[in-house]
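# how does the following fold in three dimensions:
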Amino acid sequence: MATTTMEGLIGLMNRIQRACTALGDHGGGSDLPTLWESLPTIAVVGGQSSGKSSVLESIVGRDFLPRGSGIVTRRPLVLQLHQIDKGAHEYAEFLHLPKTKFSDFALVRQEIADETDRVTGKTKQISPVPIHLSIYSPNVVNLTLIDLPGLTKVAVEGQPESVVHDIENMVRSYVEKPNCIILAISPANQDIATSDAIKLSKEVDPSGERTFGVLTKLDLMDKGTNALDVLEGRAYRLQYPWVGIVNRSQADINRKVDMIAAREKETEYFENSPDYAHLASRMGSVYLAKLLSQHLEAVIKARIPSITSLVNKTIDELESELDTIGKAVAADPGAQLYTILELCRAFDRVFKEHLDGGRSGGDKIYGVFDHKLPAAFRKLPFDRYLSVQNVKKVVSEADGYQPHLIAPEQGYRRLIEAGLAYFKGPAEATVDAVHVVLRELVRRSIGETEPLRRFPTLQAEIATAANEALERFREDGRSTTLRLVDMEAYLTVDFFRKLPQDPDIISKVGNPSAAEATPGKGSGTVDRYGDGHYRNIAANVSQYIRMVGDELLHKIPKAVVHCQVREANRSLLNHFYVQIGKKEASQFGHLLDEDPAMLERRKQCWQRLELYKSARNEIDSVARSK
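Residues are numbered from 1 along each chain as shown. As a prediction, this is how the structure comes out:
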C-alpha cells in the first residue's frame with residue numbers, strides 16, 4: 001500500500017511541476033522557495049553524441065527524440081512520465097499545445113524539432129527556454145527528466161563562439177540546484193577521465209550524493225576490452241552504482257525496431273555477456289528507470305516535511321487571494337442585482353469614510369473654505385472700485401439729470417450691487433473647487449473598493465452615475481451661493497437711515513446764499529460736492545461690503561456643504577439605484593462583466609488550489625503509511 005501510494009505521489013509531483021509551469025507562478029509571491037524548486041527533478045547530462053537521447057528513449061520505450069549529427073538538442077526538454085493502467089492508450093502532450101494529444105510519436109519528434117526552430121530559428125543556435133512534454137504510458141515509471149543540450153568543446157559552423165560556455169552555463173543552471181538529481185551519461189568507448197558529464201557533476205556535486213553514472217555504448221567497445229573498472233567503481237567511484245546501457249544500433253534505428261523489443265535485446269546482451277553477466281540484474285534501461293524511481297521516492301520521503309510546509313503555505317496564500325478576487329458571478333438575475341447593490345454600498349462606504357474621516361481626502365474641502373475662499377476675497381479689487389473717481393462716476397450716472405440733494409440713493413444701490421458682484425467669482429470658484437475634490441474622492445473610492453476591482457464595466461457605470469450626481473449638486477451649490485450674494489444687494493430703509501450725514505452738505509442745502517458765495521465758482525452755480533463727499537460715500541459702501549463679505553465667508557461654505565457635500569454623502573447613487581431598477585434582468589450580467597485577466601486569474605488560482613490540496617492529501621497518506 002505504501003509503495004502504491006508513493007508511486008501516486010511521484011505522479012502527483014509530476015502534475016504539480018507541470019501545473020506550476022503552465023500557470024506561470026508558484027504561490028502568490030511567497031519568499032519561500034517555489035514548489036517547483038522544492039520538488040526533485042532528474043537532469044540528463046552528457047557530451048554530444050554520448051547517447052543521452054538513446055537512454056531517454058529506452059526509459060520511455062518510445063522512439064520520439066530528434067536525431068542527427070552535431071548539436072540536436074538545442075533547448076531543454078522537460079520530460080514528465082506518467083504511468084497509466086496496463087492496456088490504456090498511450091499518448092504525449094506538449095504544454096504549448098495543451099489540447100492536442102499525440103498518439104504518433106513520429107509526430108512528437110517532429111513537433112520537438114519544430115518548436116525548437118520556432119525559438120532558435122532553423123540554425124544551430126541554442127535557447128534556455130524549455131520545451132515541456134508529458135508522456136502517458138503503461139510502460140513507464142513516474143519520473144521527471146530534463147534532457148539538456150550536449151556539452152561541447154568547440155563551436156561548429158553556424159554557431160557563435162560563445163556556444164561552448166552558453167551550453168555549460170545552461171546545464172549548470174539546472175544541476176547546481178540542490179533538488180536536482182544528475183544523470184551523468186558517459187560513452188564506454190571513451191576514457192572516463194575525459195567525460196564531460198563526470199567533470200561537471202564532480203564540480204557541482206563533489207560528495208556524489210546527487211549523481212548517478214550511466215555508461216552507454218558498451219557494445220561498441222574494442223574487442224577484448226570491457227568497462228568493468230568503471231561499472232564496478234574502480235576507475236571512478238560514485239555513491240551509487242554505475243548502470244550500463246546498450247543503445248539501439250543505427251541499423252536497429254533504420255529498421256525502426258520496436259523499443260520494447262530493443263529492451264529485451266538489451267537484457268539478453270547483459271545476461272549472455274561473459275563480461276557483464278554477473279552484473280546483469282543491475283544493468284539496462286529498465287533497471288535504470290526503476291533505480292531512479294526508487295531514489296526519487298526516497299528523496300521525496302526525506303523532503304515530505306518541507307514540501308508539506310510549502311504546500312500549506314501555498315494553499316493559505318491561494319485561499320487569501322481567492323477571497324480578494326471574490327467568487328464567480330452567479331447566473332441568476334436576482335443574485336446579480338444583489339451583487340450589484342452590495343458593490344454599490346461597498347463603494348458608498350469607502351466614499352463616506354473619505355468625507356467623514358478614517359480615510360484622507362475630505363480634509364481638502366475644509367482647506368477650500370479655510371484658505372482658498374478668504375484668500376480670494378482678499379484679492380478682490382475694492383480699493384480700485386471704490387476710488388473717488390469711480391464713485392463720482394457711478395453716482396453721477398445714477399443721478400441722471402436730477403442731482404441728489406443729501407444721500408445719493410440710486411448711486412448707493414448701483415455701487416453696492418456692482419460691488420457685491422465681485423463676490424460671485426470666489427463663490428463659484430469655491431463650488432468648483434469642492435466639486436473637484438468630490439470627483440477625486442469618487443475616483444479614489446472606486447479604486448479602493450476591493451470587490452469592485454473585478455468589474456470594470458460596473459466601475460465605469462458607478463463613476464458616471466456619481467459624477468452626474470455631483471454635477472447636479474454643483475449646479476445647486478452654484479445657484480444657492482449666487483443667490484446668497486444677490487440677496488445682499490437689496491438695501492433696506494434702515495441702511496439709509498443709519499448713513500452718517502455730511503453736516504457741510506446739509507448747511508449748504510439749507511442756506512443757498514452760502515453755496516453761491518463759494519469761492520472759485522461762477523455766478524449762479526453751486527458745486528455742492530467735493531472729493532470729501534465721495535470719499536464718505538465710498539467709506540459707507542466699503543463698510544457695507546466688508547460686512548457682507550464677512551457674512552459670506554460663513555454662508556458660502558454652509559451652502560456648499562448643504563448642497564454638495566451632504567448631498568453627496570446622503571444620496572450620491574440614489575439616481576443610479578433608480579436606473580438599475582429599470583434595467584432588464586439580462587443587462588445585469590453586462591454590468592458584472594469581469595476583466596478577462598481577473599477571470600483567468602481566478603481560474604488559475606482554483607486550479608492550483610485543487611492541485612495543492614490533492615498534493616496535501618496524498619502527502620498525508622504517504623506520511624501515515626510510513
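# mean confidence for the helix of greatest length in the chain?
In terms of residue count, the longest helix belonging to the chain (DSSP state H) is helix 456-487. Averaged over helix 456-487, pLDDT sits at 93.
# cool, and stretch 48-68?
On average, stretch 48-68 scores 82.
# in this structure residue 564 contacts residue 439, no?
No. Residue 564 lies out of contact with residue 439 (Cβ atoms under 8 Å); the separation is 11.0 Å. Where you see a C-beta, it was placed from the backbone N, CA and C, and this is true even at glycine.
# could I get the full set of helices for the stretch 51-200 of the chain?
Using DSSP state H, counting those that start in this stretch, the helices of the stretch 51-200 of the chain run over residues 52-60, 105-120, 163-175, 196-204.
# could those go into a markdown table alongside distance to residue 231 and mean neighbour count?
Converted to a markdown table, the helices of the stretch 51-200 of the chain look like this (distance: least, Cβ to Cβ, whole Å; neighbours: other Cβ atoms under 10 Å):
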| stretch | distance to residue 231 | mean neighbour count |
| --- | --- | --- |
| helix 52-60 | 15 | 24 |
| helix 105-120 | 31 | 17 |
| helix 163-175 | 23 | 17 |
| helix 196-204 | 14 | 19 |
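# rewinding a little: report the buried residues of the longest helix of the chain.
For helix 456-487, the neighbour count (16 or more other Cβ atoms under 10 Å) marks 458-459, 461-463, 465-466, 469-470, 473-474, 476-478, 480-482, 484-485 as buried.
# how many neighbours does the residue lying closest to residue 293 once chain neighbours are set aside have?
The spatially closest residue to residue 293, leaving aside those adjacent along the chain, is residue 141, at 4.2 Å (Cβ to Cβ, 6 or more residues apart in numbering). Neighbours of residue 141 under the rule other Cβ atoms under 10 Å: 20.
# hang on, residue 141 packs against residue 80?
No. The pair residue 141 / residue 80 is not scored as a contact, 11.7 Å apart, by Cβ under 8 Å.
# state the mean pLDDT of the helix or strand harbouring residue 613.
Using DSSP states H and E, residue 613 sits in helix 596-625. Averaged over helix 596-625, pLDDT sits at 77.
# for the stretch 1-150 of the chain, give me the ranges with low pLDDT.
Residue ranges of the stretch 1-150 of the chain with pLDDT under 70: 1-38, 68-70.
# sorry, wrong one. I was asking about the stretch 351-500 of the chain.
In the stretch 351-500 of the chain, residues with pLDDT under 70: 399-407, 500.
# ok and the helix holding residue 613 relative to helix 456-487, angle-wise?
For helix 596-625 against helix 456-487, the angle by axes from the mean of the first three to the mean of the last three Cα atoms, to 10 degrees is 130 degrees.
# can you list the buried residues in helix 596-625?
So, applying 16+ other Cβ under 10 Å, buried residues of helix 596-625: 601-602, 604-605, 608-609, 611-612, 615-616, 618-619, 621-622.
# now these in JSON lines, with distance to residue 417?
Below are the buried residues of helix 596-625 laid out as JSON lines (distance: Cβ to Cβ, whole Å):
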{"residue": "601", "distance to residue 417": "64"}
{"residue": "602", "distance to residue 417": "65"}
{"residue": "604", "distance to residue 417": "69"}
{"residue": "605", "distance to residue 417": "68"}
{"residue": "608", "distance to residue 417": "73"}
{"residue": "609", "distance to residue 417": "73"}
{"residue": "611", "distance to residue 417": "79"}
{"residue": "612", "distance to residue 417": "77"}
{"residue": "615", "distance to residue 417": "82"}
{"residue": "616", "distance to residue 417": "82"}
{"residue": "618", "distance to residue 417": "88"}
{"residue": "619", "distance to residue 417": "87"}
{"residue": "621", "distance to residue 417": "91"}
{"residue": "622", "distance to residue 417": "92"}
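# outline the domain layout of the protein.
Here the domain parsing of the chain from the TED database is 3-22+47-220+233-316+614-625, 333-503+530-593.
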